[in-house]
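Trainee: the following comprises the amino acid sequence and a computationally predicted model.
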Amino acid sequence: MCGIVGYIGHRQAADVILDGLKRLEYRGYDSAGMVVSPQGANLNLVKRAGKLGVLAEAVKTTPLKGTLGLGHTRWATHGKPTDINAHPHLSEDGRLAVIHNGIIENYLPLKKQLLAKGHVFASDTDTEVLVHLIEEHYGGDLVAAVRAALVEVSGAYALVVFHADYELIVAARATSPMVIGIGKNENFVASDVPALLPYTRKVVFLHDGDMALISRDEITVTDFVGQVLEREVSNIDWDAEAAEKSGYPHYMLKEIYEQASVLQQTFGGRFAANGSDVALDLTLNPALIDRVVITAAGTASYAGMVGEYLIEKLARLPVEVEVASEFRYREPVLNERTLCVVVSQSGETIDTLEALREAKRQGAKTLAILNVKGSSISREVDDVLYIHAGPEIGVASTKAYMAMLAAFELLAIWLGRHRGTLSDERAAEIIRALRHTPVLIEQALESREQIAQIAEAFKGYNDYLFLGRGINFPTALEGALKLKEISYIHAEAYATGEMKHGPIALIDDDMPVVTIATKSSLYEKTVSNIQEVKARDGIVIALINEADEEIKNHIDYAISVPETDELVSPLVNVVALQLLAYETAERLGLDVDQPRNLAKSVTVE
Ligand code: M6R
C-alpha cells in the first residue's frame, strides 16, 4: 500500500525518485509527492493529487535540485486524495520531512495533545501527527527525536524522515515493508524492490522493529532503542527488464503473455528425473500432518481453492480454504498435525501475515507459497515454496496466479508421492501434462481475437455471471474477480451446479453467462446446465475445447482453449478469462494497470 522511494548519493535525487515511483505506482496512485534537500537550504517540496504523471509535470516546471530526497505515491487511508494530504509532510518550519505507509492507530489522541501544545495541522492525515511529534522531540538530534516519537506511536508503518540539517535518511519499520538498496557512494530506500532494480541488486530487507540510518556511504540498522543489529545483504535475481512494459501497452497484458515462461521458472528443476515425482526443498515431514488449511486473500485464495482440489485428490488429505481476513478472527481450530499453507504474491498482505501468525500460535506447521523473497511472510514461515513469477506490476494479478497454481500442482504431487496415495503412472501423467502446459498457454493466447470480439459485443452490459464446476469453480471466481477489478462490471461466480439453487432467477438476455465447459468428469452435467440457461433466454459464452464441435449447438459464443488433463486445466482455462477482462476494460477506455480504489499489496486492515 503506497510506494516510498528515498535516495542519498551523487545523482539528482528527483530523477531517481521519479523513476522509482514510476516502478512503484502500482502500490497506490491517487496522489504523489517529492521533497529534495538542496544542501543547507530549506527543503523543496512538490506534491499533487492525481496520478504520478501530474507530479512529473509539476516537477518539470519546478525542478528540484539536490542529491538527497524522498518521494511517495499514495493510496489514501486517512484523508481524501488532495494536494495537501499527499506525502511528504513537512514541519511548520519547513525543515523536517516525513513520509509514511500504513496507519498510525493512536493518531487522534496524539493529535489532540499536539494541538494543545500549539502545533498547527495542515492535512487530514494520520501521518502529519508523526511530523509534529518528531518536531516536538527535536532538540538538534534527529535520530533521537525519531526514536522518542516512535515510542508514543502505535500501528503499522514504514517511515522515512529527513531534516535539512542532516545528510541522512532515517527509516523505521513496524509491519509495513521496507527495503534498503546498497550502491557505491549512494544508497536507496524503498517500500518495494522494483524501485531499486535499475540501480542495485544488493539489498537489505528491514525487519519489524528495525530502524535504519542511511547516509551516502553507510547504512546502520538498529532497533528502536539504538542497539545495532546485523542484517543480511541479499542479492535480487530479478532483471530490470522484467519490471518494464517492453512494448506492451499495459503491464497486465505483458504479464498475461509471460505466463508460459513463468511456468518454466516455477517448474524449473523441480521435476524428478524419473518423470513421476517432484523434488521440493521443504523441511516439512508429510507423515506428521493429517489435515491442511489454506488461507490467503483475493486471487491468491482462488489459487488456494484449486490447491484444495489437487491436494484432496492426489494426497487424500482433508483440506479447508478460507480467506485470511476471516480465518484470523474466528479462532480456527488447529494443532501440530495441521499444515497451514499461506499463499501470497507480495508476502506482505497483512491479513495473510496475521493468519500465519495465528497458525503458528496454535502450533501448526506452516508453509508459504510466495513470490517476493525477503518479504515479511518469508521470514516468519517454516517453509517457503517460491513461485518465481518475477515482479508482477499489474494490480490485477495474472502471472502470479498462474505460478501459484503451478506451485500447488507440485505440492499436491509431492504430498501424494510421500503419502503413497499417488501412483507412479498417475504422477507421470500429470507431470507430462504440466510440462506441456507452456505450449498450451501459448495456444490459449491465440484466442485473443475471438475474445476481443466477445468483449466488444458485451462491453456495455452491466452484469456477468461466471460458472465453473469442480477444479474450475475457482477459475470462474478468478474470471469474475478480474472482470470486476479492471472493467468495474458487476460479475458474480457460482459453482455451475448451484445455479439452479438461486442465481438462475437472474438469467435473462441482459446478463451474459460465461461458463467453463472444457472437457472434465462433469462435462455432461455442465452441458445440461448450459441448456437450462438457454431455456431461459440467457446468453451463453462458453469456454470450450478446440475439438468440441457438438457443444457449439448449445451456446451463443465460444472461446476455444486446448484440452489437457482435468487437474491441469485451470492453468490453461484462466488465460482466456484474463484476456476477456483485459479486452473489456481496454474497450471501456479504463486504466487497466491502475484500477480505481485498488492497490497492489494490501498492508493495512
Ligand atoms: O500479494 P497477495 O497475493 O497476498 O495479494 C492478495 C490479494 O490482495 C490480490 O490477489 C488481489 O486480490 C489482486 N488485486 C487480484 O488481482
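Mentor: Done, it's in.

Trainee: what does the stretch 251-400 of the chain put close to the ligand?
Mentor: Counting by C-beta under 6 Å from any ligand atom, the residues of the stretch 251-400 of the chain close to the ligand are A297, G298, T299, A300, S344, Q345, S346, T349, T352, V395, A396, S397. No exception for glycine: its C-beta is placed from N, CA and C like everyone else's.

Trainee: of the residues you listed, which belong to helices?
Mentor: G298, T299, A300, T352 (DSSP state H).

Trainee: reformat the residues of the stretch 251-400 of the chain next to the ligand as a markdown table; add neighbour count, distance to V321 and pLDDT.
Mentor: Formatted as a markdown table, those follow (neighbours: other C-beta atoms under 10 Å; distance: C-beta to C-beta, whole Å; pLDDT from 0 to 100):
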| residue | neighbour count | distance to V321 | pLDDT |
| --- | --- | --- | --- |
| A297 | 23 | 12 | 97 |
| G298 | 23 | 13 | 97 |
| T299 | 23 | 13 | 98 |
| A300 | 26 | 11 | 98 |
| S344 | 33 | 14 | 97 |
| Q345 | 29 | 17 | 96 |
| S346 | 25 | 19 | 93 |
| T349 | 26 | 15 | 93 |
| T352 | 30 | 13 | 96 |
| V395 | 23 | 23 | 90 |
| A396 | 29 | 21 | 95 |
| S397 | 28 | 17 | 96 |
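
Trainee: low-scoring stretches of this protein, by residue?
Mentor: 1, 27-28, 39-41, 240-241, 604 (pLDDT under 70).

Trainee: for the ligand, what is the nearest residue in it?
Mentor: G298 (1.9 Å; C-beta to the nearest ligand atom).

Trainee: quick check: domain ranges of the chain?
Mentor: 3-242, 245-437, 446-593 (automatic domain parsing).

Trainee: nearest to E605, out of these?
Mentor: Nearest of the domains of the chain to E605, taken as C-beta to C-beta: domain 245-437 at 5.8 Å.

Trainee: next, give me the two most distant ones among the residues of the stretch 251-400 of the chain next to the ligand.
Mentor: T352 and A396, at 18.0 Å, using C-beta to C-beta across these.

Trainee: would you map the helices across the stretch 201-350 of the chain?
Mentor: In the stretch 201-350 of the chain, the helices defined using DSSP state H, counting those that start in this stretch lie at 251-257, 259-267, 298-315, 324-327, 350-361.

Trainee: for the stretch 351-500 of the chain, that is, sorry about that
Mentor: Under DSSP H, counting those that start in this stretch, the stretch 351-500 of the chain gives helices at 376-380, 399-419, 424-445, 448-458, 473-487.

Trainee: dump those to CSV, plus mean neighbour count.
Mentor: Converted to CSV, those look like this (neighbours: other C-beta atoms under 10 Å):
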stretch, mean neighbour count
helix 376-380, 20
helix 399-419, 26
helix 424-445, 18
helix 448-458, 17
helix 473-487, 26
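
Trainee: which one of these lies nearest to A599?
Mentor: helix 473-487 (11.6 Å).

Trainee: now that closest one, how far from the centre of its chain.
Mentor: 16 Å (C-alpha atoms, centre = their mean, to the nearest Å).

Trainee: show me what it is packed up against.
Mentor: Applying 3 or more C-beta pairs under 8 Å, 6 or more residues apart in numbering; DSSP states H and E, we find helix 473-487 packed against helix 298-315, strand 463-468, strand 490-495, strand 512-516, helix 569-587.

Trainee: what's the first one packed up against?
Mentor: Right, the one you point to is helix 298-315. strand 291-296, strand 319-323, strand 338-344, strand 365-370, helix 399-419, helix 473-487.

Trainee: minimum distance to T73: which of these has it?
Mentor: helix 473-487 (19.0 Å).

Trainee: the closest one near the ligand anywhere?
Mentor: Yes - using C-beta under 6 Å from any ligand atom, helix 473-487 comes into contact with the ligand via E485.

Trainee: residues contacting Y26?
Mentor: Applying C-beta atoms under 8 Å, 6 or more residues apart in numbering, one finds that Y26 lies in contact with G3, Y251, I393, G394, V395, D593, Q594, A599, K600.

Trainee: tell me the one of the residues you listed nearest L580?
Mentor: G394 (15.3 Å).

Trainee: what's the closest non-adjacent residue to the closest one?
Mentor: M252 (3.5 Å; C-beta to C-beta, 6 or more residues apart in numbering).

Trainee: equivalent analysis for V575, please.
Mentor: Using C-beta to C-beta, 6+ apart, the nearest residue to V575 is A444, at 4.2 Å.

Trainee: ok, back up a step: turn the helices of the stretch 201-350 of the chain into a markdown table, including distance to L24.
Mentor: Listed next are the helices of the stretch 201-350 of the chain as a markdown table, based on distance: least, C-beta to C-beta, whole Å:
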| stretch | distance to L24 |
| --- | --- |
| helix 251-257 | 12 |
| helix 259-267 | 21 |
| helix 298-315 | 20 |
| helix 324-327 | 24 |
| helix 350-361 | 18 |
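
Trainee: around the ligand, which positions in the stretch 401-550 of the chain sit nearby?
Mentor: Residues of the stretch 401-550 of the chain lying near the ligand (C-beta under 6 Å from any ligand atom): E485.

Trainee: identify the residue spatially nearest to I539, adjacent ones excluded.
Mentor: P512 (4.7 Å).

Trainee: now do the contacts for that neighbour.
Mentor: F458, Y461, Y464, L465, I539, V540, I541.

Trainee: wait, what's in contact with the residue nearest to G394?
Mentor: M252 touches G394, V395, A396, T398, I486, Q578, Y582, V592, D593, counting by C-beta under 8 Å, 6+ apart.

Trainee: thought the fourth one was touching Y257?
Mentor: Okay, so that is T398. No - in this structure, T398 is not within contact of Y257 by C-beta atoms under 8 Å, at 9.4 Å.

Trainee: any chance of CSV for the helices of the stretch 351-500 of the chain, columns distance to L52?
Mentor: Listed next are those as CSV, based on distance: least, C-beta to C-beta, whole Å:
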stretch, distance to L52
helix 376-380, 26
helix 399-419, 23
helix 424-445, 30
helix 448-458, 28
helix 473-487, 19
